[in-house]
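>>> just need the structure, nothing else, for what follows:
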Amino acid sequence: MASLFSSRFLRPIFVPFALLFILVLAAGCSDEGGVSFMQKSDSGRSGSKFLVVDKADIVVDKETGLQVAKNVINVTLSKSAKDEAIKKIVSSVKGEIVGYDYSVNFFQIRIPNADLATIKKERLNLLANFKEVEAASICPVSVHKNPFYIR
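Here you go, the predicted model:
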C-alpha cells in the first residue's frame, strides 16, 4: 500500500495546504496585535486610576434612570490642554481630581457637598466657559435599563 504523501493524486493538494497552514500559523503568532490598542499620551504623562464610588454616594438620576455618583463629574479635555488649564478647571468648581486617564485627558472631579442638580449645572458651565473641555457628564455607575435605549 502506498503512502498517503507519495500518491500522485494527493501531493499536489497537500503541499499548497501545508504552506498555507504554516503561513496562517506564523501570522497568528505575531505579538504586535497585543499592544496595538494602547494609546499614548501626548503630554508625557501616563497611567490611569478610576474612582470606586461608595454606595452612600450613589443616587438615581430621575431623568435617565441611571445610578450615578452624586458629587462626581466626568470631564474630557482637549489634547492641547495644559496643566495650568486643568488646575483652573478643577478650581473653578472647587473640586478635586479623584480619577483620571491621562492617555485620553479624562478626569473625574469630585465636587464636595454637591448634589446631582449642582453637578448638572456645573457640567454646562464647564462646557460653556472653558474651550479645553470637550465633554462633561455625570458619572454613571450602572447600565441603562430602558429596552428602547440605543447603545
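
>>> so residue 114 sits against residue 122, correct?
Yes: at 7.3 Å, residue 114 and residue 122 qualify as touching, with contact defined as C-beta atoms under 8 Å. (C-beta placed from N, C-alpha, C; glycine too.)

>>> in this structure residue 139 contacts residue 66, no?
No: judged on C-beta under 8 Å, residue 139 makes no contact with residue 66 at a distance of 9.7 Å.

>>> out of those two, which sits in the more crowded spot?
In this view residue 139 and residue 66 are compared by other C-beta atoms under 10 Å, and residue 139 has more residues nearby, 23 against 19.

>>> can you list contacts of the host helix or strand of the more buried one?
Element membership for residue 139, per DSSP states H and E: strand 133-140. With C-beta atoms under 8 Å, 6 or more residues apart in numbering as the test, strand 133-140 has contacts from 51, 53, 61, 64, 66-69, 72-78, 89, 108, 116, 119-120, 123-124, 126-127.

>>> ditto for stretch 103-119
So stretch 103-119 is in contact with 38-41, 43, 46, 48, 50-51, 59, 61, 68, 70-79, 81, 86, 89-90, 93-100, 122, 138-139, going by C-beta under 8 Å, 6+ apart.

>>> and the helix or strand where residue 119 lies, average pLDDT?
Per DSSP H and E, residue 119 falls inside helix 116-129. In this model, helix 116-129 carries a mean pLDDT of 93.

>>> now do the strands in the protein.
Ranges of strands in the chain, per DSSP state E, are 48-49, 58-60, 67-77, 96-101, 106-110, 133-140.
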